[in-house]
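Visitor: For reference, the sequence and a predicted model appear below.
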Amino acid sequence: MRTGIATVCLSGTLEEKLRAAAKAGFDGVEIFETDLVTSSLSPEDVRLLAADLGLGLDLYQPFRDLDSVPDERYRANLRRAEAKFRLMGRLGIDTILVCSTVAAAGAAYTDDDGLRAEQLHGLAELAAGHGVKVAYEALAWGTYVNDYEHAWKIVESADHPNLGTCLDTFHILSRLGTGGPDPSGIEAIPGEKVFFVQVADAPKLSMDVLNWSRHYRVFPGEGQFDLPGFLGHAARTGYNGPVSLEVFNDTFRQADVERTAVDAMRSLIWLEERTAKTLAAASARGTAHDGAVEPTPAQLAQASRANAMRLTTLPQVAPPAGLNFAEVKSAAGTEATGALERLLAQLGFAPRGDHRTKPVSLWTLGEARIVLNHQGAAGVAPAISALAFDVADAVTAAARAVQLKAQPVPRTSQANEEILQAVRAPDATEVFLCEDTRWMQEFGDGDASPQPAGSARIDHINLAQPWQHFDEAVLFYSSVLALTPEASQDVSSPAGLVRSQVMQTALSDNAAGDGGALRRSVRLALNLAPWIQADSVKGTLRDTFQEHIAIEVDDLIAHAAACRRRGLPFLPIPENYYEDLDARFGLDPEFLAALRGLDLLYDRDAHGEFLHFYTATVGSVFFEVVQRIAGYDGFGAPNAPVRHAVQFAAQSAARRAG
Ligand SMILES: O=C(O)c1ccc(O)c(O)c1
Ligand SMILES: [Mg+2]
């Protein structure tokens, strides 16, 4: 599959954009007109630079408001177009994108497909003289032409070899459900008349489509559109030109250009794989079109034409089977590290000893394993530095991650030590891929057996994400680790709104809990807030974010009582919360008193009930203890504002105290 990216996706100057696109491995770019007009590089310079970088210049865009206009305006448009064709000659670009007209109020436009076909034919004829091809795209907000079928109908009747259509996923998929045609109709367009394919994802928002498009597009896999389904249709036409990202996004426009380009490339690698799988699944079912079990000769021909795109796949991984351990980095011998160790002991964790060769110690509670890494710099507050997933085949999982442009973490391992595969997540957290817990033998007395004391495990990990890398993180965890993103939720905090994005494995009876309730093996929550900065190296700005590790226990009330006896500093919960809880749920007074007495929080969903509590924060880390009763499947989201408010008050008090 030929990969491309529009310069409008990236921040910086045209030169920076081209260099970043080439470095990330793109085959080509679309030059967005503003990027060229504002550049100090001449068209010849751009052509040379791109050639030097091994980057194709695949498209020039956009050319606006050509069609449906009165004759005089049309002739002016042709003059304007001819100047662009000459410019494209200097750039060495052979395809221009023409988008459907957005009529200005009061002007004398004509809504007539015959006229539009004639005007596009005239443009294509002019283009042919310059060796240029015209790709006509329906903008979702085009005044007369706003869906791909209509654009194709006009292109078909204009019938000029230099005129084809441009398919843009945003304009097509944003109109599903509001009168736009189904994307399966794309397969009726001959592949050679599809001159260009642009892809963008987007979250499902209810807002006007122009603003949705201009500000909220994201890279494939970061939103909610069915892009593999779309690209499968495009592939079945026989199209084998560029699949090019065109993402207008307020965050990407200001984020680091090289990172964004890598994120973009990852999204296309992911999309290519998903599309190949979608096509293979459809042909295996033999029901791609008409429900026939055996593919018809026409279907077979179509399937082989789809190979024109030469979709490649990646090493396959199953979703992780659990969270193997979490690591907190904390400088040796500091007050904060002492506080952290006290907190773990009060939570019931037992110290299992130091690592044989590294300044790292292991604490366990049942199956919950927390590694304290003392290699943190002094003056840097404790922070979550790594998480480890249980995978069936670590080498394959790491190979997949690296193909998806994740950065491998180089490890220095001594002889006889387990070699753990690890890659870096977008927020710099190390992500380990583990097949077992043999690594535990390198600690203390070398006993790798689980603790007998009750059963406990890591329930979820909550990571704060810098706003610059939030979408990138969602794609990272879904493409690399096969976690599924849920719809995000906004949680109020005194400091502002926090967006909470859950990424998790499917409900499964392989991991059945009490009473056979379905469970999930991995739950991760990503928090996005504007005050979480990308340049705040983890733990240096202790006030900018808090993250936590949640431990699941079987009897939360008993566990909380034991923690209290050990002197654990609980996060204190305000009385107003308990009054509201009683109003909402009408709880048994004795039970309510138990909750109140222990600073416990409570929630209920369609499955069951949830009990949880939080500890005080050390550095940027705190702990949560939870109990899921009868398959409760949430995170106590209604209680999150209470937690944020109490933590905010504690931080303010700490700041005032100096
Ligand atoms: O927002 C726009 O105007 C615009 C321009 C060119 C495109 O290809 C597109 O998809 C949108
Ligand atoms: Mg477009």
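Guide: Yes, it's here. On a predicted model such as this, the values are computed, not experimentally measured, just so you know. Ligands and ions are numbered 1, 2, ... in the order given.

Visitor: tell me the domain boundaries of this structure?
Guide: 3-305, 322-657 (automatic domain parsing).

Visitor: And those domains, which one averages the lowest pLDDT?
Guide: Least confidently modelled of the domains of the chain is domain 322-657, at a mean of 90 by mean pLDDT.

Visitor: Mean neighbour count and distance to ligand 2 added to the domains of the chain, as TSV?
Guide: Where you see a C-beta, it was placed from the backbone N, CA and C, and this is true even at glycine. Converted to TSV, the domains of the chain look like this (neighbours: other Cβ atoms under 10 Å; distance: least, Cβ to the ion, whole Å):
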stretch	mean neighbour count	distance to ligand 2
domain 3-305	19	4
domain 322-657	18	19
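
Visitor: ok but residue 5 is inside a strand, no?
Guide: Yes. When DSSP: H, G, I helix; E, B strand; the rest coil is applied, residue 5 is found to be in a strand.

Visitor: can you list the domains of the chain in JSON lines and add distance to ligand 1?
Guide: Formatted as JSON lines, these follow (distance: least, Cβ to the nearest ligand atom, whole Å):
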{"stretch": "domain 3-305", "distance to ligand 1": "4"}
{"stretch": "domain 322-657", "distance to ligand 1": "19"}
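
Visitor: Tell me how far residue 115 lies from residue 353.
Guide: 82 Å (Cβ to Cβ, to the nearest Å).

Visitor: err, residue 640, not the other one
Guide: From residue 640 to residue 353 the distance is 36 Å (Cβ to Cβ).

Visitor: Kindly report the same for residue 571.
Guide: Taken as Cβ to Cβ, the span from residue 571 to residue 353 is 30 Å.

Visitor: try residue 143
Guide: 72 Å.

Visitor: In contact with the closest residue to residue 351 other than its chain neighbours: list those residues for me.
Guide: In space, and not counting its chain neighbours, residue 351 is closest to residue 363: 5.6 Å by Cβ to Cβ, 6 or more residues apart in numbering. The contact partners of residue 363, by Cβ atoms under 8 Å, 6 or more residues apart in numbering, come to 341, 344, 349-352, 369-372.

Visitor: Name the secondary structure element that contains the residue located most distally from the centre of the chain.
Guide: Distance to the chain centre peaks in the chain at residue 72, reaching 47.6 Å (criterion: Cα atoms, centre = their mean). Using DSSP states H and E, residue 72 falls within helix 71-91.

Visitor: That helix packs against which elements?
Guide: helix 43-53, strand 56-63, strand 95-99, helix 113-129 (3 or more Cβ pairs under 8 Å, 6 or more residues apart in numbering; DSSP states H and E).

Visitor: Show me the contact partners of it.
Guide: Residues contacting helix 71-91 (Cβ under 8 Å, 6+ apart): 31, 36, 42-44, 46-47, 57, 60, 63, 65-66, 69, 94, 96, 107, 119, 122-123, 126-127, 130-132.

Visitor: Quick one: distance of it to the chain centre.
Guide: 40 Å (Cα atoms, centre = their mean, to the nearest Å).

Visitor: can you give me the angle that helix makes with helix 113-129?
Guide: 30 degrees (axes from the mean of the first three to the mean of the last three Cα atoms, to 10 degrees).

Visitor: The chain should start at 413 in everything you say after this.
Guide: Okay, residue one is now 413; in that scheme the one you just asked about reads as helix 483-503.

Visitor: and helix 483-503, C-alpha only, in CSV?
Guide: Provided in CSV are the C-alpha atoms of helix 483-503 (Å, rounded to 0.1, in the frame of the first residue of the first chain):
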residue,chain,number,x,y,z
ASP,A,483,-19.8,31.6,-17.1
GLU,A,484,-17.6,34.7,-16.4
ARG,A,485,-16.6,33.3,-13.1
TYR,A,486,-15.9,29.9,-14.7
ARG,A,487,-13.5,31.5,-17.2
ALA,A,488,-11.7,33.3,-14.3
ASN,A,489,-11.5,29.9,-12.6
LEU,A,490,-9.9,28.3,-15.6
ARG,A,491,-7.2,31.1,-15.6
ARG,A,492,-6.7,30.4,-11.9
ALA,A,493,-6.4,26.7,-12.6
GLU,A,494,-4.0,27.2,-15.4
ALA,A,495,-1.6,29.1,-13.0
LYS,A,496,-1.8,26.1,-10.6
PHE,A,497,-1.2,23.6,-13.4
ARG,A,498,2.0,25.6,-14.3
LEU,A,499,3.0,25.6,-10.7
MET,A,500,2.4,21.9,-10.5
GLY,A,501,4.7,21.4,-13.5
ARG,A,502,7.5,23.2,-11.5
LEU,A,503,6.7,21.0,-8.4
